[in-house]
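Trainee: kindly return the folded structure for what I paste below:
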Amino acid sequence: MRNLTMLMDYYELTMSNGYFVKGFKDKVVVFDMFYRKNPDDGGFVVSAGLEQLIDYICDMRFNEDDIAYLRSKGQFDEGFLEYLADFRFTGSIDALPEGTICYPNTPLVTVTAPIIEAQLIETMLLLTINFQSLIATKACRICRAAGDAGSIVMEFGARRAHGADAAVLGARAAYIGGVGATATVMTDELYGVPAVGTMAHSWIQFFDSEYEAFKAYAEVYPDSCTLLIDTYDIMKSGAVNAIRVAKEVLEPMGKRLKGVRIDSGDLAYFSKKLRKLFDENDMKDCKIIVSNSIDEFLIKSLQKQGAKIDSYGVGERMITSKSDPVFGGVYKLVAVMNENGDFLPRIKISENMEKITNPGRKKLWRIYSRETGYALADLITMYDEEVDDTKPYRFINPEKPWKNMQYDNFIAKELKQPIFKDGKLVYDKPKLDDIKAYVAYQLEHNVWEEEQRFENPHVHYVDLSPELYNIKKKMLEENAK
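Mentor: Model prediction:
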């Protein structure tokens, strides 16, 4: 198994060495991981990647080669290197369960740990949550676009992914977001995402004729025969030979041609022509599958054109989230424990309003309508606060702090769950199918349709408790002196 412990930014090590030398290695702090903007200007994000973060922390060990490398840099105290040689994560982590629908400026992961431990896991925490949340969210958009027509989406992105891990884990994240299958075999082997695939153009080119290629494939795979029909000419050659194989090879065996795939050309035009042709030849059950630089925007366009498409193979534009390829999750210090065991809040102030952090050790709540079950807002409180949903609750909208606002007839649910407690894993990792089902359930029962729009979605409110707002306001005023 690969040792990924050293997959971190160098400054994590220089800071940690500094904390060690200055005697702060046991100082407990709190970090929040959150993001500031939804990809593609969407209404929400599908959180993903927690399982890989858990695995990293459980396996985190600095081996002899790692220590030797660090010693060779000539920057690190020998006592610090000895500390790393015996390193184990002893802190606590709370996080949103994978698949939770989430929103900007809400903590997805909170780390409470000695400062060096909290610092050393930063890079991998951001890497895993940022990448998989980005791909899960993009996949969710694509599947929602295709779902309007009852179509199935398959992930075809490995050959365009930004490396091997991106291919495998990107396919995992896409499955969480809603895709039905992947072309990436390792993702099936490791995570159980159904692997699918038939043929490439090279199969057809290898044989002396397109018909012979189709016939050979049908004979080998009579129960799952889908033919790629755009190698030469979609209508004059591919479709004709596909029908011929269906009639001459498969039907005499009592089998049916499952489908055809086109990977080029005018997808709307050809899908309509093919549907008409197949229906006329008693092949109404033959599915039409398309691929070739597809995303949610193209799917919506194809639907408006009346395309007759049953399934989409989506590659590069999903695995790279081409339209918005960066998920800007950040990891910020929000509290430091003092000698009395109290957590003193810390704040980052910026000339950019959106970069000012919410200080202190906090809880994240989702506020649901008791009547409809839909989420009304998210609420951030201080860690020792409870929300009594049996009576009206006054809150502060940070964008309109002068307004007197309250929740009525609501249900409050705390979102983050304990993952590690004092270094021990206390969380049962759910099955991937359960994570996927959780996403679908939220979209159907908890997330307003207005938030699911692709254009100008409703902005989900993220409110603050009066106590948190007053602490933040006081810290801003003190730093302004």
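Trainee: closest to the centroid, which residue in the protein?
Mentor: For the chain, the residue nearest the mean C-alpha position is Ser133 (2.2 Å; Cα atoms, centre = their mean).
Trainee: can you tell me which residues contact it?
Mentor: Listed by Cβ atoms under 8 Å, 6 or more residues apart in numbering, the contact partners of Ser133 are Tyr35, Val45, Val46, Ser47, Ala48, Gly49, Leu108, Ala173, Phe327, Gly329. No exception for glycine: its C-beta is placed from N, CA and C like everyone else's.
Trainee: widest-spaced pair of those residues?
Mentor: Taking Cβ to Cβ, the two most distant members of those are Tyr35 and Ala173; they sit 15.2 Å apart.
Trainee: just want to know which of those two has more residues nearby.
Mentor: Ala173 (31 against 23; other Cβ atoms under 10 Å).
Trainee: so the more buried one touches Glu51, yeah?
Mentor: No - counting by Cβ atoms under 8 Å, Ala173 stays clear of Glu51, with 10.5 Å between them.
Trainee: can you give me the domain boundaries for the chain?
Mentor: 198-258+265-291, 347-415+452-481 (automatic domain parsing).
Trainee: A helix includes the residue nearest to the centre of the chain, no?
Mentor: Yes - if the criterion is DSSP: H, G, I helix; E, B strand; the rest coil, then Ser133 is within a helix.
Trainee: can you redo the contacts of Ser133 as TSV with distance to Tyr441 and secondary structure?
Mentor: Converted to TSV, those look like this (distance: Cβ to Cβ, whole Å; DSSP: H, G, I helix; E, B strand; the rest coil):
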residue	distance to Tyr441	secondary structure
Tyr35	23	coil
Val45	17	strand
Val46	12	strand
Ser47	14	coil
Ala48	16	coil
Gly49	20	coil
Leu108	19	coil
Ala173	18	helix
Phe327	23	coil
Gly329	24	coil
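Trainee: tell me which of these is nearest to Gln305?
Mentor: Ranked by distance to Gln305 (Cβ to Cβ), those are led by Val46 at 28.4 Å.
Trainee: give the bridge partners for that closest one, please.
Mentor: Beta bridges link Val46 to Ile101, judged by DSSP bridges.
Trainee: what sits against it?
Mentor: By Cβ under 8 Å, 6+ apart, the contact list for Val46 reads Gly99, Thr100, Ile101, Cys102, Ser133, Ala136, Thr137, Ala139, Cys140, Ile176, Gly177, Val439.
Trainee: ok, now which ones touch Gly49?
Mentor: Glu98, Thr128, Ile129, Asn130, Phe131, Gln132, Ser133, Leu169, Ala173.
Trainee: possible to save those as JSON lines with pLDDT and distance to Glu450?
Mentor: Shown next, in JSON lines, are the contacts of Gly49 (pLDDT from 0 to 100; distance: Cβ to Cβ, whole Å):
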{"residue": "Glu98", "pLDDT": "98", "distance to Glu450": "25"}
{"residue": "Thr128", "pLDDT": "98", "distance to Glu450": "31"}
{"residue": "Ile129", "pLDDT": "98", "distance to Glu450": "26"}
{"residue": "Asn130", "pLDDT": "98", "distance to Glu450": "27"}
{"residue": "Phe131", "pLDDT": "98", "distance to Glu450": "28"}
{"residue": "Gln132", "pLDDT": "98", "distance to Glu450": "26"}
{"residue": "Ser133", "pLDDT": "98", "distance to Glu450": "22"}
{"residue": "Leu169", "pLDDT": "98", "distance to Glu450": "31"}
{"residue": "Ala173", "pLDDT": "98", "distance to Glu450": "25"}
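Trainee: would you list the phi and psi of Gly74?
Mentor: For Gly74, the backbone dihedrals (degrees, to the nearest 10) come out as phi 70, psi 10.
Trainee: gap between it and Asn17?
Mentor: 12 Å (Cβ to Cβ, to the nearest Å).
Trainee: neighbour-wise, which of those two wins?
Mentor: Ranked by neighbour count (other Cβ under 10 Å), Gly74 and Asn17 place Asn17 first, with 20 against 6.
Trainee: pretty sure that one is touching Phe76, no?
Mentor: Yes - between Asn17 and Phe76 there is a contact at 5.0 Å, judged by Cβ under 8 Å.
Trainee: okay, strands next: where are they in the stretch 1-150 of the chain?
Mentor: For the stretch 1-150 of the chain, strands defined by DSSP state E, counting those that start in this stretch occupy the ranges 28-34, 45-46, 92-95, 101-102, 109-114.
Trainee: let's have those strands in a markdown table, adding mean pLDDT.
Mentor: Shown next, in a markdown table, are those (pLDDT from 0 to 100):
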| stretch | mean pLDDT |
| --- | --- |
| strand 28-34 | 98 |
| strand 45-46 | 98 |
| strand 92-95 | 98 |
| strand 101-102 | 98 |
| strand 109-114 | 98 |
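Trainee: just name the most buried of those strands.
Mentor: Highest mean neighbour count of the strands of the stretch 1-150 of the chain: strand 45-46, a mean of 27 (counted as mean count of other Cβ atoms under 10 Å).
Trainee: next one: that strand to chain centre, how far?
Mentor: Offset of strand 45-46 from its chain centre (Cα atoms, centre = their mean, to the nearest Å): 6 Å.
Trainee: and stretch 235-250, by the same measure?
Mentor: Distance, centroid of stretch 235-250 to centroid of chain: 40 Å (Cα atoms, centre = their mean).
Trainee: give me the average confidence score over it.
Mentor: Taken as a whole, stretch 235-250 has a mean pLDDT of 98.
Trainee: show the end-to-end separation of that stretch, please.
Mentor: End-to-end distance of stretch 235-250: 20 Å, with Cα to Cα, to the nearest Å as the criterion.
Trainee: show residues contacting that stretch.
Mentor: Here stretch 235-250 has contacts from 210-211, 214-215, 218-219, 222, 225, 227-232, 256-257, 260, 262, 270, 273-274, 277-278, 281, 283, 286, using Cβ under 8 Å, 6+ apart.
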